[in-house]
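Novice: just coords:
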């Protein structure tokens, strides 16, 4: 469901990308999140094949996660300059938590 890749370049961790897919065989929805030091790109493809791409400067992005005491992380969103983008909406709370953790680490590294 959640696969991530990271690599070290000149001693600094660089977030390469996360592919998120709905495991329901009838659904073909997925998200592709990629980050370089200067660009955070999110490609969201619906089960019907409609694609939407959003690009951010990682230095200006704020990560917002909504947590419920009983259910855990219920929403992960990227916010920048008036754009509010929910990512990983179809993931269960445990995977949303992992996604939020990895994105937070990558954003912190990009801001250094």
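Specialist: Thanks, I have the structure now. Only a predicted model underlies this, so the values are computations on that prediction, with no experimental measurement involved.
Novice: read off the pLDDT value for residue 71.
Specialist: As predicted, residue 71 sits at a pLDDT of 89.
Novice: that one against residue 96, yeah?
Specialist: No: the criterion here is C-beta atoms under 8 Å, and residue 71 misses it with residue 96 at 9.8 Å. (Each C-beta comes from the backbone N, C-alpha and C, glycine too.)
Novice: so what's residue 59 up against?
Specialist: 110, 111 (C-beta atoms under 8 Å, 6 or more residues apart in numbering).
Novice: er, residue 77 actually
Specialist: 63, 64, 65, 66, 84, 85, 86, 87.
Novice: ok, now how distant is the fourth one from residue 50?
Specialist: Just to be clear, that refers to residue 66. 25 Å (C-beta to C-beta, to the nearest Å).
Novice: more neighbours, those two?
Specialist: Just comparing residue 66 and residue 50: by other C-beta atoms under 10 Å the higher neighbour count belongs to residue 66, 12 against 9.
Novice: tell me what the more buried one is bridged to.
Specialist: residue 75 (DSSP bridges).
Novice: pLDDT score assigned to it?
Specialist: 94.
Novice: thinking again about what came up before, the more surrounded of residue 71 and residue 96?
Specialist: Shown here are residue 71 and residue 96; by other C-beta under 10 Å, residue 96 has more neighbours (25 against 10).
Novice: got the contact list for that one?
Specialist: Contacts of residue 96 by C-beta under 8 Å, 6+ apart are 65, 72, 73, 74, 75, 76, 88.
Novice: check which helix or strand covers it.
Specialist: helix 93-111 (DSSP states H and E).
Novice: and residue 35, how many residues sit next to it?
Specialist: 24.
Novice: my guess is it contacts residue 106. True?
Specialist: Yes: the pair formed by residue 35 and residue 106 meets the contact definition of C-beta under 8 Å, at 5.2 Å.
Novice: what are the ranges of the strands in this structure?
Specialist: 2-9, 12-21, 30-35, 40-45, 51-56, 62-68, 72-80, 83-87 (DSSP state E).
Novice: give the pairing partners of the shortest one; include direction for each.
Specialist: In this case it means strand 83-87. strand 72-80 (antiparallel).
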